[in-house]
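**Student:** pasting the structure only:
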């Protein structure tokens, strides 16, 4: 496949969501370039993965690049690209602010600049996160660029990961407004494994909680009986993303993607515990109390506490798109139990399970 044949460019294609998106796009017949570092060394593994979950690796090209570099390190390549999916980002807790900003803020702006320079651009699709749809106290959507004191307060309050995601969204809104970027923002909730097999390449987040539950190291939950950590399966999200540029109605929309059937967190964990045959935690601890205690004592990463809220989210636009494209969420609790089984069977690791791949191929 030649550079001139490429019609879609994806950043973050080796990540969790990115892998399923590559499969979804190529399965739809799209010709896709994935911008990755160490492309030559990773091409065979990623092609095999895409094929195993139903994609077409013959329609996939890996190209050397980096979102932290101006023009993604691609210069003027792929002039015929119509759709750009920016999925790349640094997802980790305990980062330094500078590291998080380079990957998540500057990287997003580099991707947007590159997309804007494509003469045939139809859509720039930015993948953020559901918490980014909630207003940040003290900041308006016109606040970018942030003053030094505002930036410092944001990162101190939320931690580097979440703060950089909020800042990246503010930065892109500012960029899009000033430069007339054709874009859509998609904000998924916590992403779990494939609904058919449970397969995942990511454990960080809710997966950590499941692991602690399985190992009998989760004596209490943080939050209230109404704490809501919404879920979405990775295959549903990938199909949703792949379809976004195909409908003109999604242009300029903010699409919050989650399964509204997700129960409150205590109920979800009880269901998981029952499935795994372990005892569910009976205690609920106030987030403020846990935040005040050392991590070494609580075992809770402080940056995760802001996700443990009772907030609900506006999914109307996302649900309208799903209805228009015939997408339906798979049964949630069945998907959760398959995901938990996959986590346990792989030792809560991140390597692809050959058993799960074989299950999908059959």
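**Tutor:** Everything's here; your move. On a predicted model such as this, the values are computed, not experimentally measured, just so you know. Numbering: from 1, shown residues only.
**Student:** buried sites along the strand or helix carrying residue 151?
**Tutor:** Counting by DSSP states H and E, the element that carries residue 151 is helix 148-158. Neighbour-count burial for helix 148-158 flags 150, 151, 153, 154, 155, 158 (criterion: 16 or more other Cβ atoms under 10 Å). Glycine gets a C-beta too; all of them are placed from N, C-alpha and C.
**Student:** which secondary structure elements does it sit against?
**Tutor:** For helix 148-158, the packing partners by 3 or more Cβ pairs under 8 Å, 6 or more residues apart in numbering; DSSP states H and E come out as helix 160-179.
**Student:** identify each buried residue in the helix it packs on, please.
**Tutor:** Going by neighbour count (16+ other Cβ under 10 Å), the buried part of helix 160-179 is 160-176.
**Student:** heading toward the C-terminus, what's the first helix or strand past that helix?
**Tutor:** Later in the chain than helix 160-179, the nearest helix or strand by DSSP H and E is strand 183-188.
**Student:** mean confidence for that next one?
**Tutor:** Strand 183-188 shows a mean pLDDT of 98 in the predicted model.
**Student:** list the neighbouring strands of the helix or strand just after it plus their orientation.
**Tutor:** Per DSSP H and E, the first helix or strand lying C-terminal to strand 183-188 is strand 190-192. With DSSP bridges as the test, strand 190-192 is paired with strand 231-233 (parallel).
**Student:** other residues contacting the partner strand?
**Tutor:** With Cβ atoms under 8 Å, 6 or more residues apart in numbering as the test, strand 231-233 has contacts from 188-195, 206, 257-259, 262, 268, 329-330, 332, 335-336, 339.
**Student:** what is the burial count for residue 146?
**Tutor:** 18 (other Cβ atoms under 10 Å).
**Student:** same deal with residue 79?
**Tutor:** Around residue 79 there are 12 other residues, counting by other Cβ under 10 Å.
**Student:** touching, it and residue 118? I think so.
**Tutor:** Yes. When contacts are counted by Cβ atoms under 8 Å, residue 79 is listed as touching residue 118 (6.7 Å).
**Student:** are we agreed that residue 18 is in a helix?
**Tutor:** Yes. Per DSSP: H, G, I helix; E, B strand; the rest coil, residue 18 lies within a helix segment.
**Student:** give me the distance between it and residue 261.
**Tutor:** Distance, residue 18 to residue 261, using Cβ to Cβ, to the nearest Å: 26 Å.
**Student:** helices along the stretch 1-150 of the chain, start to end?
**Tutor:** According to DSSP state H, counting those that start in this stretch, the stretch 1-150 of the chain carries its helices in the segments 16-27, 39-52, 97-100, 107-116, 148-158.
**Student:** filter the contacts of strand 231-233 to the buried ones?
**Tutor:** For the contacts of strand 231-233, buried by 16+ other Cβ under 10 Å: 188-195, 206, 257-259, 262, 268, 329, 332, 335-336, 339.
**Student:** residues contacting residue 107?
**Tutor:** Going by Cβ under 8 Å, 6+ apart, residue 107 touches 11, 67, 68, 88, 89, 168.
**Student:** how about 10 Å then?
**Tutor:** 11-12, 66-69, 72, 86, 88-90, 101, 164, 168 (Cβ atoms under 10 Å, 6 or more residues apart in numbering).
**Student:** my guess is residue 40 contacts residue 62, does it?
**Tutor:** Yes. Taking Cβ atoms under 10 Å as the definition, residue 40 is a contact partner of residue 62 at 7.9 Å.
**Student:** and the two? which has more neighbours close in?
**Tutor:** Neighbour totals were compared for residue 40 and residue 62, and residue 62 leads with 23 against 9 (other Cβ under 10 Å).
**Student:** specify the beta-bridge partners of the more buried one.
**Tutor:** Applying DSSP bridges, one finds that residue 62 bridges with residue 34.
**Student:** ok, now how distant is it from residue 36?
**Tutor:** If you measure residue 62 against residue 36 using Cβ to Cβ, the figure is 6 Å.
**Student:** need the residues touching each of these two.
**Tutor:** Common contact partners of residue 62 and residue 36 (Cβ under 10 Å, 6+ apart): 13, 14, 42, 43, 46.
**Student:** what's the neighbour count on the third one?
**Tutor:** When neighbours are counted by other Cβ under 10 Å, residue 42 registers 15.
**Student:** hey, which helix or strand in this structure has the poorest pLDDT?
**Tutor:** Sorting the helices and strands of the chain by mean pLDDT, DSSP states H and E puts helix 354-361 at the bottom, at a mean of 32.
**Student:** need the pLDDT of residue 156.
**Tutor:** In this prediction residue 156 is given a pLDDT of 87.
**Student:** what sits against residue 38?
**Tutor:** Residues in contact with residue 38 (Cβ under 10 Å, 6+ apart) are 14, 62, 64.
**Student:** fine, thanks again, bye for now.
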